[in-house]
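# fold the following for me, if possible:
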Amino acid sequence: MKRTFNILTPLLLAAAMLSCNSPKLIPDRELGQIFHDAMLVNAYIQHNRQKELDSMNIYEPILARYGYSKEDMHYTLNKISRQKSASLGKVADYMINSLTAESDRLAEDVAKLDTIENVARRHFKKVIYQDTAIVAKVEADSALLQITIPHAEKGLYHIEANYTLDKEDKGIGRRYVVNWMDGNDERVREIANSPLTRGRKSRISLDAWLTQNDSLAEALTIDFTRFNLKKNRLKKTPLTIHDITITFTPDIHESRERLFREQSSMRIFSDTMLNLKLGQAAEPTEPTEPTAEQTTETTE
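Here you go, the predicted model:
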């Protein structure tokens, strides 16, 4: 009996090892999930135009996530093809339905976020500069045609203006220029550099974005007294600005943050508490006896 046991033991161990190494059949549902993940990876690769990727480095981690290998995948697909069953069709249907459901949920979430962002941006949009009937006739009036918006915040600046340049003006190459300027009155970035139209009422409408990349920009300037060549520059600018309005909308991150703060009717935790790291909360202290200075009483 003991001898028989000694003979069977290695045989059973060998059989167990072979069964562990033999390919596994992947169930339909998990196969559909694997196909689903592979489709998402393919879409990402195509979107980012990453063509020189080793497919084994891409798909093997997906299989490993579900506890399978490439051998298991080959075995499963071969078995399905030999049986000529409807399993692969069911797998494809599961994958398509799963992707469609995710797409619908994402589309709904994006629509909600877009709505929140649009509400936030409209809510905090404000007029930061407005003027009418700016008339420049003599040299001293030229300063009226140079507008500066200091202390610029990150966001969108929309400029609307209506002007008329005197048809009798002798200036050649008159222009208006919009720039972002730094604290030393040096240009950081040019937004517009366009010719002024002579003899009729004309309109300007443009957007000037100040982004996180414009860290040096501190002011927005609009200058109606420029020329394309310095040699053509005249000191007098016979120009009338009928109206000009500059509106500002904070960038989307700031708009959302402001909306959150405004709509939070009650702050449960202070900013100090929220900024404390886990495990760094202040330890409670025992009450101490008042000192002599703290217990001094005034007597008559």
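# contacts and neighbour counts: CA atoms only from here.
Noted.
# next helix or strand past the helix or strand hosting Ser103?
Using DSSP states H and E, Ser103 sits in helix 87-124. Going down the chain from helix 87-124, the next helix or strand is strand 126-136, by DSSP H and E.
# let me know the average pLDDT across the helix holding Ser103.
Mean per-residue pLDDT for helix 87-124: 78.
# that helix - contacts with which helices or strands?
Applying 3 or more Cα pairs under 8 Å, 6 or more residues apart in numbering; DSSP states H and E, we find helix 87-124 packed against helix 28-47, strand 239-250, helix 252-263.
# pLDDT below threshold where in this protein?
1-21, 50-57, 84-88, 112, 231, 263-300 (pLDDT under 70).
# what's the domain layout of it?
19-119, 126-253 (automatic domain parsing).
# off-centre distance for the shortest one?
Its chain's C-alpha centre lies 28 Å from the corresponding centre of domain 19-119 when counted by Cα atoms, centre = their mean, to the nearest Å.
# so Thr225 belongs to a strand, correct?
Yes. Per DSSP: H, G, I helix; E, B strand; the rest coil, Thr225 lies within a strand segment.
# my guess is it contacts Asp141. True?
No. Using Cα atoms under 8 Å, Thr225 is not in contact with Asp141, being 10.5 Å away.
# shared neighbours, those two?
Thr237 (Cα atoms under 8 Å, 6 or more residues apart in numbering).
# which one of those two is surrounded by more residues?
Shown here are Thr225 and Asp141; by other Cα atoms under 10 Å, Thr225 has more neighbours (22 against 17).
# now that one: how far from Lys170?
Using Cα to Cα, to the nearest Å, Thr225 is found at 13 Å from Lys170.
# one more: Ile34?
Taking Cα to Cα, one finds Ile34 at 74 Å from Lys170.
# cool, and Lys137?
Taking Cα to Cα, one finds Lys137 at 13 Å from Lys170.
# and Ala161, that one's in a strand?
Yes. Using three-state DSSP, the secondary structure at Ala161 is a strand.
# return the distance of it relative to Ile222.
11 Å.
# pick the most buried one from the domains of the chain.
Comparing the domains of the chain by mean neighbour count (mean count of other Cα atoms under 10 Å), domain 126-253 ranks first with a mean of 17.
# what's the first-to-last distance across that domain?
17 Å.
# before we move on, the earlier item: and of the helices and strands packed on helix 87-124, who's closest to Gln83?
Among the helices and strands packed on helix 87-124, the nearest to Gln83 by Cα to Cα is helix 28-47 (14.0 Å).
# which residue ranges form the strands in the stretch 151-300 of the chain?
Using DSSP state E, counting those that start in this stretch, the strands of the stretch 151-300 of the chain run over residues 155-165, 174-181, 187-195, 202-210, 219-227, 239-250.
# picking that back up, how about the domains of the chain, which one is nearest Glu262?
domain 19-119 (12.8 Å).
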